[in-house]
Each structure stands twice: as C-alpha cells, then as structure tokens.
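Participant: How does the following fold in three dimensions:
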Amino acid sequence: MSNNIYIGVDLGGTKIAIGAVNEAPQAEQKKILLKHTIPTVFSKEGPTSDPAIREAFLENLAEEISKVITEAQNLKYHVHQTIGFGSPGLFQDGKIAPETAGQLGPAFFNYNIGEGLEHYLRTKHPHIKVNVKNDALAQLAFGVHALAQDPKLKKLFLSNNVGFIGPGTGLGGGFAHVKKLKDGNIQTEFFTDGHIFDILLDGKMAEELISGRFLRNNLGLSGKEVANNLEKYQAYIIEMGHNLGKLIAKIYSGKFEKPANHIQWSDKDQESVAGTQIFILGGSIATKGDMGKIIRSSAKEYLEKHNIKNIKLLTLPSDSADAAILGAASFAGLTRLTN
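Facilitator: Below is the predicted model:
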C-alpha cells in the first residue's frame, strides 16, 4: 500500500466529517485510515449572516483539519498538499451562488469558501490548497465507482446518465454521464448544475418535502427520532417516499419549475436529464435502516402507479459520511472519478 494519503472533508448540515484516505487506483481499495467528526455549529441561531461568525467557523474547521493532518503525519504518512472539500452550494467562479446553500447561511453567499479555509490552514501548512466541489457530487462520484465494482452494475452504468439524490439535513443532487476509458477504468463526467433541492413539487420546494426539514416542520423531530418510532410516524415516512417518487418523475420528464428568485436550469439542461433511469440514493434519510426501506418502497410504488417502471434505485454502498469523505478525497487527485 502506498504511504501517500489524501484528506477529504464533507461539510454537512448537521456534522462535518474529515478523513485521511489511502492512495489507491480502485474504489474498493480505498480506505479511510482515520476520521474526525464534529457538529456543524455556527451560532445558537444556526446558519449565519454574520461574517465574523463565518470566519470563526472556518478558523475552527481549519484547526480540526490540522489535527487530522498532524495525526496522519505522526503515523508516518505523506499527506498530499491538496485537500478535497465537499460543501453545499452551487459554485460559480469558486464562490457559492446565493440561495444555494441555506444550511450555511447568507454570510457564505458569493463567498469563496476554499480560499477562506486556505487562509486559516496556511498558518500551519503554508503550501496547502483546497479543491472545493458540491458535496453531492462527491457522493455521486464515489457511489458510481464503488458500485461499478459489481460487473453487472458497471455494464448498467456505461454510456448512461446517473442521478444522485441525497435526502439528509437538506437535499443534495447531481448528475453524471459514465464512460469507459481505454485502460478499462470508468470516468464520471458531471453535467448541469445538479441542484434539485428547489424543484417545485405541488408548489413547495423538494427539500421541504424530502429531507430532515420535512420531519422537523411537520413533527418537530429529527430523522433519528422518527426512525426510533416508525410505527407512530409511518404515514409521514410513506408520504416522504411518495414525494421522492414525484421528484424522480419530474426529473425523468425533463421539465420542472423552480421558484422565480432561484437559479433556473436552462431548457437544454432540463432536457439533458430527461429519461434518467439510474438513481443513486445517499443521505441518512433515504438509505438507513427500516425508514430508508419504507421511503424507497414508497417511491417505487409512486413511480409504478404513474407508469414509470424502468427506474433503478441504488443506495450508496457505504455510510453517507464515509462516502462523502472518499468522494471529496478524489477531488484532491486521488483517482479519475471526475472530469
């Protein structure tokens, strides 16, 4: 095994996962050698509009990443100077587009989070670079390559579009086209901006109907609390599954609407996802335990009822936080997981 490792960071709405990942050419050989997980905390009020709170948050995050780097170095690993970082948001010229990362708050809109994090990391690591991409793309990239270790799924993926839907604290999304390279490996090429959280379903944004927000708004409970009392809240879980089916049906049709003040997909981008039949599900809501099974079953039920019977729903072959770390590490140059 190579002595080189890469740092992958997943900035989630509830927690931040930081891991050191071994260098390996294939998805099944990659391993998280050490991992730190911390809560995503801005202030008592949650996501922030205060630049001072944003800077304090990034300084604390840089300190936690430095701990992982130091711990890895103490274990005699060589740490790559580029960190892969998965974050909510649509990135335009390195900056988070407004209204695309509500989990972080307005202080992060039009802000280059990669450069901000580099500023604090460089007090201890002067040559460090941070390569930022959307967190859902990290999970999509890892999911394709890990699942493609199954020859049947690899054949299914090739020359097809694959969508990712990740209901967790929020609702992540992404799309990739999968092709085979001359050396036999596969490459995921992302297309569209990938944002699906604000696709309108019955007048509401999808994130309000298929994520932790749905449970908090309707029940005042977290996903974990609902999962611990499935019988009592089963009707809400089934409803969320039907909403997932509605979202997939909208994407499959290639025609959907967003709120007027949000970033719109072009007609060409909408048409490019039409007919997508393969979806990888990530996030804790749709993948974990019996609650995830009910949601997936209800989504399939909705699709079949509306005569959309050719959809393939797959789940990440790893905990979503681990998948996000592994995918983010690929953005540091770990493998050819992305264009």
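Participant: and Lys255, what is it in contact with?
Facilitator: Gln270, Ala274 (C-beta atoms under 8 Å, 6 or more residues apart in numbering). Backbone N, C-alpha and C define where each C-beta goes, glycine included.
Participant: What distance do you get for Lys67 to Leu121?
Facilitator: Distance of Lys67 to Leu121, computed by C-beta to C-beta, to the nearest Å: 12 Å.
Participant: Over to Lys15?
Facilitator: For Lys15, the distance to Leu121 - C-beta to C-beta - is 20 Å.
Participant: all helices of the chain, in order?
Facilitator: For the chain, applying DSSP state H gives helices covering 51-74, 113-121, 135-147, 151-157, 206-209, 212-219, 223-227, 230-253, 267-273, 283-287, 289-305, 320-330.
Participant: any weak-confidence spans in this structure?
Facilitator: Flagging of the chain using pLDDT under 70 yields the residue ranges 1-2, 24-29, 333-339.
Participant: One more pass at 80, please.
Facilitator: Residues of the chain meeting the criterion pLDDT under 80: 1-2, 23-30, 181-185, 318-321, 330-339.
Participant: hang on, the earlier thing: so between Lys67 and Leu121, which is more surrounded?
Facilitator: Leu121 (23 against 13; other C-beta atoms under 10 Å).
Participant: could the helices of the chain go into CSV alongside distance to Phe85?
Facilitator: Output for the helices of the chain, formatted as CSV (distance: least, C-beta to C-beta, whole Å):
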stretch, distance to Phe85
helix 51-74, 9
helix 113-121, 6
helix 135-147, 9
helix 151-157, 26
helix 206-209, 22
helix 212-219, 22
helix 223-227, 25
helix 230-253, 27
helix 267-273, 25
helix 283-287, 18
helix 289-305, 27
helix 320-330, 6
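Participant: Could you tell me how many residues sit around the nearest residue to Glu99 once chain neighbours are set aside?
Facilitator: Nearest residue to Glu99, sequence neighbours excluded (C-beta to C-beta, 6 or more residues apart in numbering): His262, at 5.6 Å. His262: 18 surrounding residues under other C-beta under 10 Å.
Participant: Please verify my assumption that His262 contacts Pro98.
Facilitator: No: the criterion here is C-beta atoms under 8 Å, and His262 misses it with Pro98 at 9.2 Å.
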